[in-house]
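Asker: coordinates for the following, if possible.
(chains A, B and C)
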Amino acid sequence: MSDLSFPPANISDVMSGQKLADRLYPLIGTKFSLTKNPRTNGSALRKIISKQLDDGRIQIADKNDFEIVPVRKKGVPKLLACLADSYIVTTGNSYNLQVWNRFPNTSNVLVRYKKDNTLIKCDDIRFILVQIDTNKQQIKTIIVATPQYIVDNFGVFGVPTMKYQLIIAETKRKEITGLFPKCLFFNDTPNMTAHTQHGDFNITDSISTSPQSGKLLPLKVIKSKVVSSLLGRKLINADTKTRGQELERLVATLLGYQVDDPLVGGYPDIPNQLLEIKVQDSPTVDLGKYSPSNPVVIDANLNITTEDVRYLIALTDKSGNIEGISLCPGNKLGDSFTFVNGTSYKCQRSIPMNFLESFSGKSVFNPKYPGNQ
DNA sequence: GCATAATGGTCTTTCGAAGG
DNA sequence: CCTTCGAAAGACCATTATGC
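Answerer: Reported below is the predicted structural model:
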């Protein structure tokens, strides 16, 4: 078995799209058990695909013969030896194809061969879409497609979505849960203090009301209102998304917002208090589009940036018990935790499920699709 | 109302250090 | 030197909010 994360020895020997589809056909109808974890499913699928493709004849390049161009291999597909990457499709009306850290239908370079300067570019990478029949727990459809095909049939990949991340090291987490009280706290930035009201007061605005100078609670007050109530509390919802909203609701209520005041999406979670709220039971904190590591003005009137926005991170165990809290302005996050270097982004393209359904039971390459525009 | 952009957060993989 | 381990990094898929 070769390591398919290496580039092919010779690009001309790589299987054509049709060959890939043919080789994968035997997988149709085979068992594939979905776990409740998407990330695991995608990975499990990739292993099956790799095994099916690698008949021992795939020649990979010597490690001295090529150079990976993107920094830290970001965006290089897993099945590089086959100039492909696999994606799992389950249910819904449409499938959201999400490609990380590369622009699929461009000639941006991924690999350069040292001998002759041959290149592997983004548009050389084929998508292997594998649809799972969730009832039968079987592989149902396989579609191999080029980036150009996706663009021609379904439209361009939209603007990339940025994602910033933060790591809370296990040691740091233990440090926080060992504090008394179990809360890591830093006070507001001077920028924020300029707009906070001294002392406590009643909230009359709603969560979504834009922040008003002089009507922001000082972070110390927020601390006194929420921390002791949250510690030791259990978030009852099972799935992470609802859990996050549960905490958001809890915090809003503790701060004095009306119970029926609707939550709002976007950043930060409670705009009226310039407060972002996160639940974490794993080390990776997903900051999303905005990060204090890359200061951006969030409120031009108040001159507030992501460094001033307050972050409440509830550290929970796997069952939702709040074991510790970090409450500080964005600019302090980096003091205790580690920002992941650089930025990651993804390009997305939604594909109607009808497309996949129409090739049910087959394994095809760039198929003619009458349903397209 | 629809397609796109963004949020959600955890999981796998990688990498370098430590241990045998 | 090889293996193991933990921390860091990168990526995964689902779903919802947003803007036209």
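
Asker: shaky segments in the stretch 251-373 of chain A?
Answerer: A:265, A:370-373 (pLDDT under 70).

Asker: how about the helices in it?
Answerer: In the stretch 251-373 of chain A, the helices defined using DSSP state H, counting those that start in this stretch lie at A:330-336, A:353-357.

Asker: near DNA strand C, anything from the first one?
Answerer: No - no part of helix A:330-336 sits near DNA strand C under the criterion Cβ under 7 Å from any atom of the strand; the closest distance found is 11.2 Å. Quick note: C-beta positions are derived from backbone N, CA and C, even for glycine.

Asker: now for A:K234: which residues touch it?
Answerer: A:319-322 (Cβ atoms under 8 Å, 6 or more residues apart in numbering).

Asker: between the residues you listed, which sits nearest DNA strand B?
Answerer: Using Cβ to the nearest atom of the strand, A:G320 comes nearest to DNA strand B of the contacts of A:K234, at 9.0 Å.

Asker: these two touch, right, the closest one and A:I236?
Answerer: Yes - between A:G320 and A:I236 there is a contact at 6.6 Å, judged by Cβ atoms under 8 Å.

Asker: quick one: A:K31 and A:V144, what's the gap?
Answerer: Between A:K31 and A:V144 the computed distance is 21 Å (Cβ to Cβ, to the nearest Å).

Asker: repeat for A:Y257
Answerer: Taking Cβ to Cβ, one finds A:Y257 at 51 Å from A:V144.

Asker: what about the two, which has more around it?
Answerer: A:V144 (27 against 22; other Cβ atoms under 10 Å).

Asker: quick check: pLDDT value at that one.
Answerer: Model confidence at A:V144, given as pLDDT, is 92.

Asker: closest to the centroid, which residue in chain A?
Answerer: A:K163 (6.8 Å; Cα atoms, centre = their mean).

Asker: pull the contacting residues for whatever residue of chain A ends up closest to DNA strand B.
Answerer: Using Cβ to the nearest atom of the strand, A:G158 is the residue of chain A that sits closest to DNA strand B, at 1.5 Å. Going by Cβ under 8 Å, 6+ apart, A:G158 touches A:347-349.

Asker: redo that, cut-off 7 Å
Answerer: By Cβ atoms under 7 Å, 6 or more residues apart in numbering, the contact set of A:G158 is A:347-348.

Asker: how far away is the residue nearest to A:I325 when sequence neighbours are not counted from A:Q273?
Answerer: Computed as Cβ to Cβ, 6 or more residues apart in numbering, the closest residue to A:I325 that is not its neighbour in sequence is A:C183, at 4.5 Å. Distance, A:C183 to A:Q273, by Cβ to Cβ: 17 Å.

Asker: was I right about A:K278 contacting A:V285?
Answerer: Yes - between A:K278 and A:V285 there is a contact at 6.1 Å, judged by Cβ atoms under 7 Å.

Asker: pLDDT score for the residue of chain A found nearest DNA strand C?
Answerer: Proximity of chain A to DNA strand C (Cβ to the nearest atom of the strand) peaks at A:G42, 2.2 Å away. With respect to pLDDT, A:G42 has a value of 82.

Asker: mind listing what it touches?
Answerer: Going by Cβ under 7 Å, 6+ apart, the list of residues near A:G42 reads A:I88.

Asker: what about it, which helix or strand?
Answerer: Taking DSSP states H and E as the criterion, A:G42 maps to helix A:38-53.

Asker: where does the stretch 201-350 of chain A come near DNA strand B, residue by residue?
Answerer: A:240-241, A:243-244, A:265-267, A:269, A:278-286, A:288-290, A:348-350.

Asker: and the stretch 1-150 of chain A, which of its residues are near DNA strand B?
Answerer: Counting by Cβ under 7 Å from any atom of the strand, the residues of the stretch 1-150 of chain A near DNA strand B are A:5, A:37-40, A:43, A:46-47, A:72-73, A:94, A:96, A:98.

Asker: which of the residues you listed has the most neighbours?
Answerer: Ranking those using other Cβ under 10 Å puts A:R46 first, with 19 neighbours.

Asker: quick check: that residue touching A:K78?
Answerer: Yes - A:R46 is within contact range of A:K78, at 5.8 Å (criterion: Cβ under 7 Å).

Asker: would you agree A:G330 is in contact with A:Y290?
Answerer: No - using Cβ under 7 Å as the test, A:G330 is too far from A:Y290 to be in contact (8.7 Å).

Asker: mind listing what's buried along stretch A:228-246?
Answerer: Residues of stretch A:228-246 classed as buried by neighbour count (16 or more other Cβ atoms under 10 Å): A:230-231, A:235, A:243-245.

Asker: could you dump these into CSV and include pLDDT and secondary structure?
Answerer: Formatted as CSV, the buried residues of stretch A:228-246 follow (pLDDT from 0 to 100; DSSP: H, G, I helix; E, B strand; the rest coil):
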residue, pLDDT, secondary structure
A:L230, 90, helix
A:L231, 90, coil
A:L235, 80, coil
A:R243, 76, helix
A:G244, 78, helix
A:Q245, 78, helix
